[in-house]
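>>> below is the sequence, then the predicted model.
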2 protein chains.
Amino acid sequence: MARFFVAATNIFGGVACLGAKEAAHLRALRIRRGEHFTVCDGQGTDYICRLRHIHDEGAEAEIVSAEPSRGEPSVDVTVFAAFSKGDKLETTVQKSVELGASSIVVFPAARCVSRPSAASMITKTARLQKISEEAAKQSHRGKVPGVTVSPSFEHAVKAAAACDLALFLYENEKEGDIRSILRSKTGIRTVAIMAGPEGGFEPHEADLAERHGMRKTGLGPRILRCETAPLAALAAVMYETDNLK
Amino acid sequence: MARFFVAATNIFGGVACLGAKEAAHLRALRIRRGEHFTVCDGQGTDYICRLRHIHDEGAEAEIVSAEPSRGEPSVDVTVFAAFSKGDKLETTVQKSVELGASSIVVFPAARCVSRPSAASMITKTARLQKISEEAAKQSHRGKVPGVTVSPSFEHAVKAAAACDLALFLYENEKEGDIRSILRSKTGIRTVAIMAGPEGGFEPHEADLAERHGMRKTGLGPRILRCETAPLAALAAVMYETDNLK
């Protein structure tokens, strides 16, 4: 069934209101009055709707039923990704959303080659948020994960450490592997996955993360690129928590 | 320690011979006579070498010791990826190599938008092979995974089905999820992961794969892009077989 995202404020009194863009899309899909489609409020609820009116400026649909979006995993994972060069952050955001991350936080780290100014970060975050939105639509998520910027490495670590399980991906880590760590924890509701920039984390950053309660986590002997590591870890978390079914 | 790939034929009589490119790289790294570095034969063995001679055309190093490359996983995974548009195949190859795939096979499928001619496929495969080589170097693999082209979907299915476990990633699959399938098998040595093009597989393709013994496998309710699905499945296989430590 065709699926649209609308702001939650556009759903009230048993009716969903869609804008001009969605109306054009409904027309392109040849959906007519009386026919059904899904409207998602971006906050985890899917509404089965019946088209009532459609015109150039928008459309109005009657809500037939509501259910929690099937695309939302049972675990709340935030991916913390260090600033990186080129389009790597875009890849990280797009794939993280597809794989079920709840939010993405970008942060500065010691070895970041890319250190965007505050002004360019505003433009960049808007672009990353748009990528998140498109990925959420395409992958049938029920929520659009937010993309935010953390002002400092320590700030990001503190936010990550507040999760039930906070994984600090560290290629020099020989002891704590992701499987042992995930299997030693039960009933995890919130997870943080923190990945470094191109050159990895500095030892003093790993120490700081550990002092705040994060778990240094290896992902095996193969050196993963900065955009590959968080995706492998996210897939592992979703696999272990039975969210790949 | 610095690490170089050379052809296995360049290693004989206790000596490793390196070409002009590697010699220039050794100089750039300021490695001098008597100093150590690693040479990998691309077939799973790492040689600790001591530099003996270096000149513009190449370098010669004495082999001090040999050991199996740490970067090779215990399970042999072939990723079968359908032709896709743009640079998606490049992403699939690069990330598959990082995550430990042993080889990559590209194949045609019913919904492939991209159907390269034989001539352009030769150029494309050469490019994908180069990407595999670079990813193998960067991720400290012990082998350079081969990239080959399968002439038909059925040919690819037959090759995949010859593995101990052959996963056919199918988004319409509601019963067989990857975790149940992986956990129901023990002692797996070879795995095939087959992923479709942008529009997914046709039902008749899924039927054919099943008739040949492949396991239809879902990856959860989130619709993954054609380049994301095989990577999530590969990460899951590596996780379950304890190759992420």
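Noted; the coordinates are in hand.
>>> are we agreed that A:Asp46 is in a strand?
Yes: counting by DSSP: H, G, I helix; E, B strand; the rest coil, A:Asp46 is located in a strand.
>>> can you pull out the strands in chain A?
Assigned by DSSP state E, chain A shows strands spanning A:3-5, A:11-12, A:15-18, A:36-40, A:45-55, A:58-68, A:76-82, A:103-107, A:146-149, A:165-169, A:190-195, A:215-217.
>>> need these in TSV with distance to B:Ser150 and mean pLDDT, can you?
(Each C-beta comes from the backbone N, C-alpha and C, glycine too.) Shown next, in TSV, are those (distance: least, Cβ to Cβ, whole Å; pLDDT from 0 to 100):
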stretch	distance to B:Ser150	mean pLDDT
strand A:3-5	34	89
strand A:11-12	48	94
strand A:15-18	44	96
strand A:36-40	37	94
strand A:45-55	39	95
strand A:58-68	41	95
strand A:76-82	35	97
strand A:103-107	36	97
strand A:146-149	39	96
strand A:165-169	35	98
strand A:190-195	34	98
strand A:215-217	37	97
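>>> close to chain B, is the lengthiest helix in chain A?
Criterion DSSP state H: the longest helix present in chain A is helix A:118-138. Yes: contact between helix A:118-138 and chain B, assessed by Cβ under 8 Å from any Cβ of the partner chain, occurs at A:Gln138.
>>> contact residues of chain A facing chain B?
A:70-71, A:73, A:91, A:94-95, A:98-100, A:138-141, A:177-180, A:218-225, A:228, A:231-232, A:235-236, A:238-240, A:242-245.
>>> A:Ala126 is nearest to which of the strands of chain A?
With Cβ to Cβ, the closest approach to A:Ala126 among the strands of chain A belongs to strand A:146-149: 8.9 Å.
>>> contact partners of stretch A:108-117?
With contacts defined as Cβ atoms under 8 Å, 6 or more residues apart in numbering or on different chains, stretch A:108-117 is touched by A:82-85, A:124, A:150, A:152-153, A:196-202, A:204-205.
>>> which among those count as buried?
Neighbour counting by 16 or more other Cβ atoms under 10 Å in any protein chain shown classes A:Ala82, A:Phe83, A:Ser84, A:Lys124, A:Ser150, A:Phe153, A:Gly196, A:Pro197, A:Glu198, A:Gly200, A:Phe201, A:Glu205 among these as buried.
>>> what's the neighbour count on the closest residue to the fourth one other than its chain neighbours?
With sequence-adjacent residues excluded and distances taken as Cβ to Cβ, 6 or more residues apart in numbering or on different chains, A:Lys124 is closest to A:Pro116, at 6.0 Å. Each residue near A:Pro116 was counted by other Cβ atoms under 10 Å in any protein chain shown, and the total is 17.
>>> relative to A:Ala101, how far out is A:Pro116?
To A:Ala101, A:Pro116 is 21 Å away according to Cβ to Cβ, to the nearest Å.
>>> hmm, back to that, list just the nearest of the buried ones among the contacts of stretch A:108-117 to chain B.
Taking Cβ to the nearest Cβ as the measure, chain B lies nearest A:Glu198 of the buried ones among the contacts of stretch A:108-117, at 10.8 Å.
>>> wait, that closest one touches A:Cys226, no?
Yes: with contacts counted by Cβ atoms under 8 Å, A:Glu198 reaches A:Cys226, the gap being 5.3 Å.
>>> which ones are touching the nearest residue in space to A:Gly44 that is not next to it in sequence?
Leaving aside its sequence neighbours, A:Gly44 sits nearest to A:Gly142 (Cβ to Cβ, 6+ apart; 4.6 Å). By Cβ under 8 Å, 6+ apart, the residues touching A:Gly142 are A:Cys40, A:Gly42, A:Gln43, A:Gly44, A:Thr45, A:Asp46, A:Pro68, A:Ser69, A:Arg70, A:Gly71, A:Glu72.
>>> cool, A:Glu154 as well?
Contact analysis of A:Glu154 by Cβ under 8 Å, 6+ apart lists A:Leu208.
>>> list phi and psi for the residue nearest to A:Lys124.
Backbone torsions of A:Pro116, given as degrees, to the nearest 10, read phi -60, psi 150.
>>> check A:Leu219 too.
Here is the backbone geometry of A:Leu219 (degrees, to the nearest 10): phi -120, psi 30.
>>> am I right that A:Ala136 is in contact with A:Gln94?
No: A:Ala136 lies out of contact with A:Gln94 (Cβ under 8 Å); the separation is 10.0 Å.
>>> what's the local residue count around the residue nearest to A:Arg225 when sequence neighbours are not counted?
Leaving aside its sequence neighbours, A:Arg225 sits nearest to B:Glu98 (Cβ to Cβ, 6+ apart; 6.3 Å). B:Glu98 has 24 neighbouring residues, counting by other Cβ under 10 Å.
>>> was I right about B:Glu98 contacting A:Arg222?
Yes: using Cβ under 8 Å, B:Glu98 is in contact with A:Arg222, at 6.1 Å.
>>> shared neighbours, the two?
Both B:Glu98 and A:Arg222 are contacted by B:Ser139, under the criterion Cβ under 8 Å, 6+ apart.
>>> quick check: closest non-adjacent residue to A:Gly100.
A:Gly100's closest residue in space is A:Pro73 (Cβ to Cβ, 6+ apart), at 4.3 Å.
>>> wait, that neighbour touches A:Thr241, no?
Yes: under the contact definition of Cβ under 8 Å, A:Pro73 touches A:Thr241, with a separation of 7.2 Å.
>>> how about the residue lying closest to A:Leu244 once chain neighbours are set aside, what does it touch?
Nearest residue to A:Leu244 in three dimensions, chain neighbours excluded: B:Gly220, at 4.5 Å (Cβ to Cβ, 6+ apart). The neighbourhood of B:Gly220, defined by Cβ under 8 Å, 6+ apart, consists of A:Pro73, A:Gly100, A:Met238, A:Asn243, A:Leu244, A:Lys245, B:Asp177.
>>> try 10 Å this time
Counting by Cβ atoms under 10 Å, 6 or more residues apart in numbering or on different chains, B:Gly220 touches A:70-71, A:73, A:99-100, A:139, A:238-239, A:242-245, B:171, B:177-179, B:232.
>>> now do A:Glu67
With contacts defined as Cβ under 10 Å, 6+ apart, the neighbours of A:Glu67 are A:Thr38, A:Thr45, A:Asp46, A:Tyr47, A:Ile48, A:Gly142.
>>> from A:Phe37, how far out is it?
Applying Cβ to Cβ, the value for A:Glu67 to A:Phe37 is 14 Å.
>>> can you check A:Val93 too?
Per Cβ to Cβ, A:Val93 is found 27 Å from A:Phe37.
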